[in-house]
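Asks: heads up, no residue letters with this:
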């Protein structure tokens, strides 16, 4: 444990200025452990939500997934927090633990909050990073093509106004004796060690060569998105995929502001590196006033008002707004799969972990195991999580399969699945119940889809419903789930044809074991609320067997659904018909209500060693309530 009291450290720079790269370097030092963009000191979300006892940590996590990204655990004492800096201290200390000398945060959102941070943390140290303004604007525009946040039309101009604000604040804080180290991102990229050594001297800690080993950095707390690819690459990428230079009015405005800063700040800061790119003339006084007023209005909306809304508005309404607005990542999701139906599966480097919860269903388990074992063109890890079914099942699994068997008591099916998730080592994770099975080539197709669509974190597919004898009963076309319909009606996706990146699970998205029969629906709603990017493959991937033991059709499921639906605000329940109508129209437009000719090969109780062929020329779409 550190002998010195822990100190706060803040890494600040405008968005797209290299703060994530510096964060990765610093967090490799054994005495530094910073939070990644919690942002709670930049707004009033904690203050307003705690005032109304609305569990500020859940609101914060819904706002930016901070709690899950850092795998933080809520404590009873969190209910007593009333101020943002108190909440920040709690999160910093839990994330860093007692052994790190420097705790704190890296966040571009603090670009205009340096004096505020210094007031809350008088002993804190600051590292401020600059980047050439035109390069920042170009990077923002490029990131806006992939991420909702960077699409804001005001953000490029705010980068200029914010750049000036940071320079003013750095000089002011230095005059007050606040320790601040500033440098240019370009220097860090050109020669990381030349910047990291002076930073370590500034922090009064020894320089560690392991700080340069970016391939060992932990990127699990980074939000998802292609705009983070360079930061997550494990290397310093100087010129790869650089966005095109900014042109037009923004380029001219940036040049004029550089002229203004050159005259105003002269050579007091390392940002002087950019003065040679200054234009011949500065911006006019009226131009500056208009720019600042425009940015102040947009900053109030996006950096103050929106967080307050997230702090007090009903979360269901916020989730619906987020879904209407579009996913957090701008992706071409919910389109037809690019996987060819006629092509043979190719070898895929992606590894898939299949988790099967098991309890006294050996006849069905044999079919399930066989359907996983014969998947080709992909590395598969099959984990069977058995709740002490007995020696017969254990002996069969060990003698007739390559699955990893874990036998231990659990608190129900969803607890068993979570245990399997924790043991999974694949890039993609899924669960397949004992009475379900995959169709031929499914996992290779899934692996290729995820490889071709790195922006997608969850993938759904169609499914075939069969009876006890393996007879085809129904074709279930999957459409994108929406929160209102799932919460107020039913879950329209089937778990046997659902696949998720393990990185999502590592952010804390496990199944809620409070529920014994509907945790999969609650899980999907949680993913939707957080804007996890999803896609649908309009192709059958799995087989769901209709038996008298299907948990989702039990009386327990109906009871839990009623309880869960009561958690939704009354005014939202009034729109139940609208949510159902929207879902039905989506199914109609996606061909869910048309009968189709289907031929499938699957395992049956009378054909456990090889797949039997089943053909139906006019297969319907209805859910068979009775066999």
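Replies: The structure has been received and is ready for your questions. These figures come from a predicted structure and were not determined experimentally.
Asks: from here on, just use CA atoms for contacts and neighbour counts.
Replies: Will do.
Asks: from residue 195, how far off is residue 268?
Replies: Per CA to CA, to the nearest Å, residue 268 is found 18 Å from residue 195.
Asks: please disregard the earlier target; I meant residue 441.
Replies: 51 Å.
Asks: and if you look at residue 479?
Replies: From residue 479 to residue 195 the distance is 51 Å (CA to CA).
Asks: so after whichever helix or strand residue 8 is part of, what's the next helix or strand?
Replies: Using DSSP states H and E, residue 8 sits in strand 7-12. Downstream of strand 7-12, the first helix or strand assigned by DSSP H and E is helix 19-26.
Asks: so what angle separates the directions of that following helix and strand 7-12?
Replies: Angle of helix 19-26 versus strand 7-12, following axes from the mean of the first three to the mean of the last three CA atoms, to 10 degrees, is 150 degrees.
Asks: tell me the mean pLDDT for helix 19-26?
Replies: Throughout helix 19-26, pLDDT has a mean value of 95.
Asks: what is the next helix or strand after it packed up against?
Replies: On the C-terminal side of helix 19-26, the nearest following helix or strand under DSSP H and E is strand 32-36. With contacts taken as 3 or more CA pairs under 8 Å, 6 or more residues apart in numbering; DSSP states H and E, strand 32-36 sits against helix 19-26, helix 84-96, strand 102-106.
Asks: ok now the last one, how far from the chain's centre?
Replies: Average the C-alpha atoms of strand 102-106, do the same for its chain, and the two points are 22 Å apart (CA atoms, centre = their mean, to the nearest Å).
Asks: what's the answer for stretch 610-623, then?
Replies: Using CA atoms, centre = their mean, the offset of stretch 610-623 from its chain centre is 37 Å.
Asks: how about residues contacting that stretch?
Replies: 470-477, 592-604 (CA atoms under 8 Å, 6 or more residues apart in numbering).
Asks: buried subset of those?
Replies: By neighbour count, with 16 or more other CA atoms under 10 Å, the contacts of stretch 610-623 hold 470-477, 592-593, 596, 598, 600, 602-604 as buried.
Asks: where does the stretch 51-200 of the chain dip in pLDDT?
Replies: Within the stretch 51-200 of the chain, no range satisfies pLDDT under 70.
Asks: strands of that one, residue ranges please.
Replies: 102-106, 125-130, 180-184 (DSSP state E, counting those that start in this stretch).
Asks: which of those strands is buried the deepest?
Replies: Of all these, strand 102-106 has the most neighbours on average by mean count of other CA atoms under 10 Å, namely a mean of 25.
Asks: against which helices or strands is it packed?
Replies: Using 3+ CA pairs under 8 Å, 6+ apart: strand 102-106 touches strand 7-12, helix 19-26, strand 32-36, helix 84-96.
Asks: at 7 Å what do you get?
Replies: When contacts are defined as 3 or more CA pairs under 7 Å, 6 or more residues apart in numbering; DSSP states H and E, strand 102-106 packs onto strand 7-12, strand 32-36, helix 84-96.
Asks: out of the buried ones among the contacts of stretch 610-623, who's nearest residue 517?
Replies: Using CA to CA, residue 476 comes nearest to residue 517 of those, at 20.6 Å.
Asks: quick check, pLDDT for the closest one.
Replies: 94.
Asks: contacting residues around it?
Replies: 462, 463, 464, 621 (CA atoms under 7 Å, 6 or more residues apart in numbering).
Asks: picking up where we left off before, could you dump the helices and strands packed on strand 102-106 into JSON lines with distance to residue 173 added?
Replies: Supplementary listing: these in JSON lines, determined by distance: least, CA to CA, whole Å:
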{"stretch": "strand 7-12", "distance to residue 173": "14"}
{"stretch": "strand 32-36", "distance to residue 173": "22"}
{"stretch": "helix 84-96", "distance to residue 173": "19"}
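Asks: got those as CSV, with mean neighbour count and distance to residue 516 columns?
Replies: What follows is those, written out as CSV (neighbours: other CA atoms under 10 Å; distance: least, CA to CA, whole Å):
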stretch, mean neighbour count, distance to residue 516
strand 7-12, 23, 43
strand 32-36, 24, 34
helix 84-96, 19, 31
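Asks: out of these, which gets nearest to residue 501?
Replies: Of the helices and strands packed on strand 102-106, nearest to residue 501 by CA to CA is strand 32-36, at 21.0 Å.
Asks: direction included, what does the closest one pair up with?
Replies: In its sheet, strand 32-36 lies beside strand 102-106 (parallel), with partners assigned from DSSP bridges.
Asks: now rank the contacts of residue 476 by neighbours and give me the top one.
Replies: Within these, neighbour counts (other CA atoms under 10 Å) peak at residue 463, which reaches 25 neighbours.
Asks: now that one: phi and psi?
Replies: Main-chain torsions, residue 463, degrees, to the nearest 10: phi -150, psi 150.
Asks: make residue 1 into 6 and carry on from there
Replies: Sure, I'll start numbering at 6, so the last one becomes residue 468.
Asks: ok so, going back, could you find the lowest-pLDDT member of the contacts of residue 481?
Replies: Lowest confidence among these: residue 626, with 91.
Asks: who touches the helix or strand where residue 426 lies?
Replies: Under the criterion of DSSP H and E, residue 426 resides in helix 418-428. Outside of helix 418-428, the residues within contact range by CA under 7 Å, 6+ apart are 360, 362, 388, 390, 415, 515, 516, 518.
Asks: nearest to residue 405 among the residues you listed?
Replies: Nearest to residue 405 among these, with distances taken as CA to CA, is residue 388, at 14.2 Å.
Asks: which strand residues bridge that closest one?
Replies: Residue 388 has these beta-bridge partners by DSSP bridges: residue 360, residue 409.
Asks: check whether it really touches residue 410, as I assumed.
Replies: Yes. Counting by CA atoms under 7 Å, residue 388 does reach residue 410; the two are 6.1 Å apart.
Asks: give the buried residues for stretch 270-284.
Replies: 274, 276, 278, 279, 280, 283, 284.
Asks: the helix or strand residue 262 falls within packs against which elements?
Replies: Assigning secondary structure by DSSP H and E places residue 262 in helix 253-270. Secondary-structure packing of helix 253-270 (3+ CA pairs under 7 Å, 6+ apart): helix 138-148.
Asks: show me how far the helix it packs on is from its chain's centre.
Replies: With CA atoms, centre = their mean, you get 23 Å for helix 138-148.
Asks: before we move on, the earlier item: comparing residue 484 and residue 200, which shows the higher neighbour count?
Replies: residue 484 (26 against 18).
Asks: ok, residue 375 - how many residues close by?
Replies: 20.
Asks: same thing with residue 396?
Replies: 9.
Asks: repeat that for residue 182.
Replies: Counted with other CA under 10 Å, residue 182 comes out at 9.
Asks: check which helix or strand covers residue 629.
Replies: Applying DSSP H and E, one finds residue 629 in no helix or strand.
Asks: ok, now how distant is it from residue 607?
Replies: Noted for residue 629: a distance of 19 Å to residue 607, by CA to CA.
Asks: buried set for stretch 166-185?
Replies: 166, 167, 168, 169, 171, 172, 174, 175, 178, 183, 184, 185.
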